[in-house]
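K.L.:
For reference, the sequence and a predicted model appear below.
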Amino acid sequence: MSTENTTRVELLRSDDFAQYLLHDARQIKQILRSLVENRALITTYLPSGNQSFLTAILTLIDDEERLVFDASPDEAVNRRVASIDELICATQLEGIKIQFPLSGIQEVTYQGRDAFVADRPERLLRLQRREFYRLVAPITHALNCTIPVPQKDEEPRTIEARVLDISGGGMAVVVPPDDADFVPGMEFDGCRVNLPDFGPVTVRMRVRNLFRLTNRNGVEVLRAGCEFVNLPNSANNLIQRYIFKVERDRSARERGL
């Protein structure tokens, strides 16, 4: 699998991750219940067009054999969802990456709001290995990345992009609307991310995938999934320390400390 985009869609079918696939109905239901209880945001990928939207599982019904999930604020997206055979959903719960397919999708109204109902997934991927963990950038400490964009016969033009998530392997950024000429395979050297409490880190990154993401408020943005190229150990250590601190602070807040 050559790109993060491919990994996202094909992960459930890969022998490399077979040992992390759950098929037991009781285990799957337990995880689905946890997603409901934690109001976990779920990125839902449509099968074509590199399109996705954010949703959440609202409840489990019919002896937990079906689930209800939130509709998109974009009616065009909802029409597509209602007409397709399968969606791929990805989320995180307590630092563990979770992915599962949804099928048997139907439009419904739940507690006065537009929603969808789908069959309980028969398989669910639960990745527990630390190296797969990506930190969703905290809202309270927004991360931004300055990216020098090469210009033909000119000096690079620097743009500022918001970081959506980050790990030791790469990060995802929101591409500014007037810079949608990003394409997979492009590399940017000298990108600079300022990590709160730790200072700046400079990286070289390569664009792996691009797709449009519709936020829950209906605003559509372009997301670029990037991998770090030849990341120095010093930069990797700084990123890992930052991730650890954010997670430690988050856990302390949840415990009321």
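P.N.:
That came in fine, so what should we check first?
K.L.:
what residue is smack in the middle of the protein?
P.N.:
Thr43 (5.9 Å; C-alpha atoms, centre = their mean).
K.L.:
Skipping its backbone neighbours, what lies nearest that residue in space?
P.N.:
Of all residues not flanking Thr43 in the chain, Ala90 sits nearest, at 5.1 Å (C-beta to C-beta, 6 or more residues apart in numbering). C-beta here means a position set from N, CA and C on the backbone, and glycine is covered the same way.
K.L.:
that older thread, show me which positions of the one helix or strand the residue nearest to the centre of the chain maps to end up buried.
P.N.:
Thr43 is part of strand 42-45 when elements are defined by DSSP states H and E. Residues of strand 42-45 classed as buried: Ile42, Thr43, Thr44, Tyr45 (neighbour count, 16 or more other C-beta atoms under 10 Å).
K.L.:
Next, the distance between the ends of stretch 167-176.
P.N.:
Using C-alpha to C-alpha, to the nearest Å, one end of stretch 167-176 lies 21 Å from the other.
K.L.:
Give me the buried stretch members for it, please.
P.N.:
Ser167, Gly168, Gly169, Gly170, Met171, Ala172, Val173, Val174, Val175.
K.L.:
my guess is the fourth one meets Asn236, correct?
P.N.:
No: under the criterion of C-beta atoms under 8 Å, Gly170 makes no contact with Asn236, lying 11.3 Å away.
K.L.:
ok, now how distant is the residue of the chain positioned farthest from its centre from Val183?
P.N.:
Distance from the centre of the chain peaks at Asp153, with 35.9 Å (C-alpha atoms, centre = their mean). Counting by C-beta to C-beta, to the nearest Å, the gap from Asp153 to Val183 is 19 Å.
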